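Asks: mind folding the following:
(chains A and B)
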Amino acid sequence: MCAADIDFGLGLRPEHYEEIAASPGRVNWFEALSENYMVPGGSPLHWLDRIRRDYPVALHGVSLSIGSIDPLDGRYLDDLKALADRVQPMCISDHLCFTGLRGVNMHDLLPLPYTEEALDHVAERVKRVQDHLGRRLVLENVSSYVTYAASELSEWDFITELSRRADCDILLDINNVYVSAFNHGFDAHAFLGAMPRERVRQFHLAGHTHKGSHIIDTHDHPIVPGVWELYAEAVRLFPGVPTMIERDAEIPPYVELLAELDVARSIATGVAHEVAAPVLSRAEG
Amino acid sequence: MSGANTGSNAGSLGDLQRAFQDYLLVTSDAFQAAVRDTQKADRITLLDVYRDGYALRLIEALTTDYPGLVAMAGPADFDHVARAYIAAHPSRHPSVRWFGRGLADFMATTAPYSAAPAAVEMVRFEWALGEAFDSPDVTPIAADALMALPPDAWETLSFTTLPSLRRSTFEYEVAQAWQRRDDVEPGNLEVARAEAPVTWAIWRPERVSNFRSLDPDEALMLDALVAGRSFPELCEAVAPLTGDDQAPARAAGLLRTFVEGGMIAGFSSGTSAG
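Replies: Reported below is the predicted structural model:
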C-alpha cells in the first residue's frame, strides 16, 4: 500500500467553512459533529450541504449514550437518521461511553466499567441502533481518567468482544489510546495489537493537555510525537484506514491543520515504504 | 450476568452510573469508592477532571450564547449565575446548543438575578437571536409578487411570516448595548433604560440574523399580521395611532417595509397565493 490509499480528513468546524469551500482538494473528507447539524435550518446546515457537494462527510456524534442505562432516545435516533438521509455519510460514529441518565445529559464521554454486564447491555443497544439506522455503527474508544474497581476486562478486550457480539465497527482514536494508556498505566501497543483488523474503520488524531500525573483529552493542541509514533504503528497494523484530525478548542488557521494533516500523510508514506521495501527488493532480486 | 436496567446489584452498571452522575452533580461522593487511585494520581484528582469539566463545558456553552450578558456582568458574576443555572437546570437535550434556553426565566424568577431586569432582557434578546440563527430556512417573498395582485385580492389578503421571526418588547436598550458588547471590558457594558418600552423584531431573512425596533403602530400591525389578519384588518390595527384616513397608506407602507426586509414568507387571498 501507499499513503495515497488512505483518505485524510479533518473535523468540520465553523471557523473554516468559507476556506474549505474556497479551496477544495487538500482534504479527502470531513467529519461533522452530528448534534451541531440536528437543527431546523440556518447557516450550519447550509454549509454542511455546501461542503457535502464537494466532499464525503462522516457523521460523528457525542450524545448517543450507547452505554447508558436510560432507554435509547428515540427522538435522537430519528433526528440522526434524518440527518444521515440528508448527508449520506461515509459512516456514522459515536463513542463507547455513557453521557448521562435520568434524562440528564452531562455532555461528557463518561467511561463504562468493563464488565460482562456492561458488555451484554451495550451489545444489545448497539444492535438496536444499527437496526434503526439500517447500517453498522462505528464506536470510538474514549479517553478516560478513572479506573473502575469493578472492571473485569481490559478496555481492548471489551471493545473487541463488543464489536464481535454486536457486529459493529471501531473508530480507533490514537490519541485516546495514548491518553488512557498513560492515565491507567497500560501498554498502548497491546491495545492496538488486540484490535480486530477487519473492524477498524477510522483513525482519529488529536492533541491533549499533559497535567503531569494525568493527561486530559482537550483537542486544543497540536498532536504530540508520542501519538504520531503510535499512529505509525496503527498504520502498519491497519493499512488503508481513513485518518482525520480533530481540533475542538483553540482552533488554529485552516492552513495549520492542513500542515498537520501533511504530517500524517508523510508518516503513512514512510510506513508504506517500510512495508514496500522488502517486497520491492525481492522483486528486483 | 443480566439485569442491566435494574441496577439491583451493588456495583452493577446502573449503580455505578447513578453514582458517577451524582458525583458530577455534587449530590453524593459515594462514587469515590468505586474507582481506584493510579500509580501517578489519587482518585479525587482524577474524578475532579470530570466534575470540573462538567461545569466548565456548560459555562462555555452559555458564554457562547450570551456574550452580551458576559459584557454586562463580567466574568465573576457571569460565572456565578451560570453555576446557579447549571445546578438548577441540568441539561436535558442531546445538543448543548439548547442548554441555555431557560436562563432568562431562571434569572427573572431567582434572586439576586431578578433584581437585574436589564440583564434578564439581554438574555431574552440573545436567545431570540440564537433561535433565529438556526430556525427553518424559508425564502422571503419579493415585493413584486404583491404588486401583481388584482385590487379585489387585497380584501382578503393575509400573510405568513418567516419561522425565524420573533417579537420582544424591552424596557431597556439591550439591542443597542449588544452591538457594543465587544467594545468594552467585560463587566462594563452599560444598558440604558428606554424612555418607553420598545418592541423589537428579530428574524433571519437569509443566513444572518437581523433585528430592528418597531414603531408603535408597526408593532400593532405586525402582531395582527402574525395572527393571520387580512389586510383590511391590518389597516384597522394601525388606525388608532395613525387615524382612519391615513391607515390604508400607512399599512401599505409598513407592509412594503416588512416584505423588503425579508420578514414575509407568503400570502394568500380568496384568489391568489404566494
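Asks: how about the strands in the stretch 1-150 of chain A?
Replies: With DSSP state E, counting those that start in this stretch as the criterion, the stretch 1-150 of chain A has strands at A:8-11, A:29-33, A:57-60, A:92-95, A:138-140, A:147-148.
Asks: look up how far A:Tyr55 lies from the closest residue to B:Tyr113 other than its chain neighbours.
Replies: Using C-beta to C-beta, 6 or more residues apart in numbering or on different chains and skipping the chain neighbours, the partner closest in space to B:Tyr113 is B:Met107 (3.8 Å). Bear in mind the C-beta positions are built from the backbone N, C-alpha and C, glycine included. For B:Met107, the distance to A:Tyr55 (C-beta to C-beta, to the nearest Å) stands at 42 Å.
Asks: between the two, point out the one with more neighbours.
Replies: Comparing B:Met107 with A:Tyr55 by other C-beta atoms under 10 Å in any protein chain shown, the one with more neighbours is B:Met107, at 25 against 19.
Asks: isn't that one right next to B:Pro117, touching?
Replies: No - the pair B:Met107 / B:Pro117 is not scored as a contact, 9.2 Å apart, by C-beta atoms under 8 Å.
Asks: how about the secondary structure of B:Arg92?
Replies: coil (DSSP: H, G, I helix; E, B strand; the rest coil).
Asks: let me know whether it touches A:Asn105 as I believe.
Replies: Yes - the pair B:Arg92 / A:Asn105 is scored as a contact, 6.5 Å apart, by C-beta under 8 Å.
Asks: packing partners of the helix ranked longest in chain A?
Replies: Counting residues, the longest helix found in chain A (DSSP state H) is helix A:254-284. With contacts taken as 3 or more C-beta pairs under 8 Å, 6 or more residues apart in numbering or on different chains; DSSP states H and E, helix A:254-284 sits against strand A:8-11, helix A:225-237, strand A:243-245.
Asks: turn these into JSON lines, including mean pLDDT.
Replies: Shown next, in JSON lines, are the helices and strands packed on helix A:254-284 (pLDDT from 0 to 100):
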{"stretch": "strand A:8-11", "mean pLDDT": "97"}
{"stretch": "helix A:225-237", "mean pLDDT": "97"}
{"stretch": "strand A:243-245", "mean pLDDT": "98"}
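Asks: looking at the ones you listed, which is nearest to B:Glu206?
Replies: strand A:8-11 (26.1 Å; C-beta to C-beta).
Asks: mind giving me the packing neighbours of the closest one?
Replies: Against strand A:8-11 (3+ C-beta pairs under 8 Å, 6+ apart) you get strand A:29-33, strand A:243-245, helix A:254-284.
Asks: residue 174: what's it in contact with?
Replies: In the absence of a named chain, chain A is used. Applying C-beta atoms under 8 Å, 6 or more residues apart in numbering or on different chains, we find A:Ile174 in contact with A:Phe203, A:His204, A:Leu205, A:Val227, A:Leu230, A:Tyr231, A:Ala234.
Asks: the intended chain is chain B.
Replies: Contact partners of B:Val174, counting by C-beta under 8 Å, 6+ apart, are B:Gly68, B:Ala118, B:Glu121, B:Met122, B:Arg124, B:Phe125, B:Val191.
Asks: what pLDDT is listed against the third one?
Replies: Note on B:Glu121: pLDDT of 98.
Asks: what's in contact with the helix or strand hosting it?
Replies: Assessed by DSSP states H and E, B:Glu121 sits inside helix B:117-133. The contact list for helix B:117-133 (C-beta under 8 Å, 6+ apart) reads A:42-43, B:65-69, B:72-73, B:100-101, B:103-104, B:107-108, B:113-114, B:164-166, B:168, B:170-172, B:174-175, B:177-178, B:191, B:193, B:200, B:202-204, B:209-211.
Asks: which of those are buried?
Replies: Neighbour counting by 16 or more other C-beta atoms under 10 Å in any protein chain shown classes A:42-43, B:65-69, B:72-73, B:100-101, B:103-104, B:107-108, B:113, B:164-166, B:168, B:170, B:172, B:174-175, B:177-178, B:191, B:200, B:202-204, B:209-211 among those as buried.
Asks: list the contacts of B:Val96.
Replies: With contacts defined as C-beta under 8 Å, 6+ apart, the neighbours of B:Val96 are A:Glu35, A:Asn105, A:His107, B:Arg57, B:Leu58, B:Ala61.
Asks: if we use 7 Å, what do you get?
Replies: The contact partners of B:Val96, by C-beta atoms under 7 Å, 6 or more residues apart in numbering or on different chains, come to A:His107, B:Ala61.
Asks: likewise A:Met106?
Replies: A:Thr99, A:Gly100, B:Gln21, B:Leu24, B:Tyr54.
Asks: returning to what we had before: need the strands of the stretch 1-150 of chain A in TSV with mean neighbour count, can you?
Replies: TSV is the format used below for the strands of the stretch 1-150 of chain A (neighbours: other C-beta atoms under 10 Å in any protein chain shown):
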stretch	mean neighbour count
strand A:8-11	23
strand A:29-33	22
strand A:57-60	24
strand A:92-95	24
strand A:138-140	24
strand A:147-148	22
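Asks: once you drop chain neighbours, what's closest to B:Thr45?
Replies: A:Ser213 (6.6 Å).
Asks: give me the neighbour count for that neighbour.
Replies: 14.
Asks: likewise for B:Glu233?
Replies: Neighbour tally, B:Glu233, other C-beta under 10 Å: 15.
Asks: secondary structure element holding it?
Replies: Going by DSSP H and E, B:Glu233 is in helix B:231-242.
Asks: I'd guessed B:Arg207 sits against A:Pro44; true?
Replies: No - in this structure, B:Arg207 is not within contact of A:Pro44 by C-beta atoms under 7 Å, at 9.7 Å.
Asks: can you pull the buried residues of the helix or strand bottoming out on mean pLDDT in chain B?
Replies: Every helix and strand in chain B was compared by mean pLDDT, DSSP states H and E; the lowest is helix B:143-147, with a mean of 89. Going by neighbour count (16+ other C-beta under 10 Å), the buried part of helix B:143-147 is B:Leu146.
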